[in-house]
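Enquirer: A predicted structure for the sequence below; I have some questions about it.
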Amino acid sequence: MKILKIATAVLALSTGMALAENPMVGGAPMYEDKNIVENAVNSADHTTLVAAVQAAGLVETLQGEGPFTVFAPTNDAFAKLPAGTVETLLKPENKDQLVKILTCHVVAANAMAADIQKMIADDGGMHTVSTVGGCDFTTMVEDGMVKIKDGMGNVATVTIADVKQSNGVIHVIDTVLLPAM
């Protein structure tokens, strides 16, 4: 009888954990069994990012096996760029620059917020993150929030962390990360 009670408790606990849901992003549910692109296209807050990923020809890559950690800037983050920047980057002749910027938002790992915070703590308060695009950014924690300083000195804040995907994780950020020029 005691074994049955323990087994029932373990089953209830594991079922509860399995039912834990990803945060909503851009008014849409994010599904752990869908890949980064399949989820991103449903977020009303990421239409600019999706358009940029399509223009850069990165859809197939981000639908790949991964694992990927994507720092996903919102539409508002893109709107902070100087007027005309997004339109210019989306032009076919600027594809290489767009690819560079977008791949600087991707790390070839499955890094959850707790992992990032541990790396920051282990490195004495700041941790360098190397991206797929060849950018080295500095991560830190301020006021309990993970922040990322890009190559131009801009600082992005992770506003929604740990959005699990079938091929990695998305962390929503409020600023577009730029490589050093």
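Expert: Received, thanks.
Enquirer: so who does T61 touch?
Expert: The contact partners of T61, by CB atoms under 8 Å, 6 or more residues apart in numbering, come to none. Every C-beta, even on glycine, is put in place using the N, C-alpha and C of the backbone.
Enquirer: wait, a helix at it?
Expert: Yes: assigned with DSSP: H, G, I helix; E, B strand; the rest coil, T61 falls within a helix.
Enquirer: and it, what pLDDT?
Expert: At T61, the predicted lDDT confidence score is 91.
Enquirer: please work out which residues outside the top strand by length along the chain touch it.
Expert: Using DSSP state E, we find that the single longest strand of the chain is strand 155-165. Residues outside strand 155-165 that contact it (CB under 8 Å, 6+ apart): 22-23, 25, 30, 32, 34-36, 39, 66, 68, 71, 73-74, 77, 112-113, 145-150, 169-177.
Enquirer: which ones among those lie within helices?
Expert: In this view, the contacts of strand 155-165 that belong to helices under DSSP state H are I36, N39, A77, A113.
Enquirer: where does pLDDT dip in the protein?
Expert: 1-20 (pLDDT under 70).
Enquirer: show me where it has its strands.
Expert: 68-73, 106-107, 126-130, 136-142, 145-149, 155-165, 168-173.
Enquirer: got the angle for the third one vs strand 145-149?
Expert: Counting by axes from the mean of the first three to the mean of the last three CA atoms, to 10 degrees, strand 126-130 points 60 degrees away from the direction of strand 145-149.
Enquirer: pull up the pairing partners for strand 126-130, direction included.
Expert: Strand pairing for strand 126-130, using DSSP bridges, gives strand 136-142 (antiparallel).
Enquirer: ok so, going back, report the distance from the longest strand of the chain to the chain centre.
Expert: Here the centre of strand 155-165 is set off from its chain's centre by 6 Å, with CA atoms, centre = their mean, to the nearest Å.
Enquirer: restricting to C-alpha, output that strand in PDB.
Expert: Coordinates of the C-alpha atoms in strand 155-165 are reproduced here as PDB (Å, rounded to 0.1, in the frame of the first residue of the first chain):
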ATOM      1  CA  VAL A 155      22.200  46.900 -23.300                       C
ATOM      2  CA  ALA A 156      19.300  44.600 -23.900                       C
ATOM      3  CA  THR A 157      17.100  43.200 -21.100                       C
ATOM      4  CA  VAL A 158      15.600  39.700 -21.100                       C
ATOM      5  CA  THR A 159      11.900  40.500 -20.600                       C
ATOM      6  CA  ILE A 160      10.600  36.900 -21.000                       C
ATOM      7  CA  ALA A 161      13.000  34.100 -20.200                       C
ATOM      8  CA  ASP A 162      13.000  30.300 -20.800                       C
ATOM      9  CA  VAL A 163      10.600  29.900 -23.700                       C
ATOM     10  CA  LYS A 164      11.300  26.300 -24.400                       C
ATOM     11  CA  GLN A 165      11.400  25.000 -28.000                       C
END
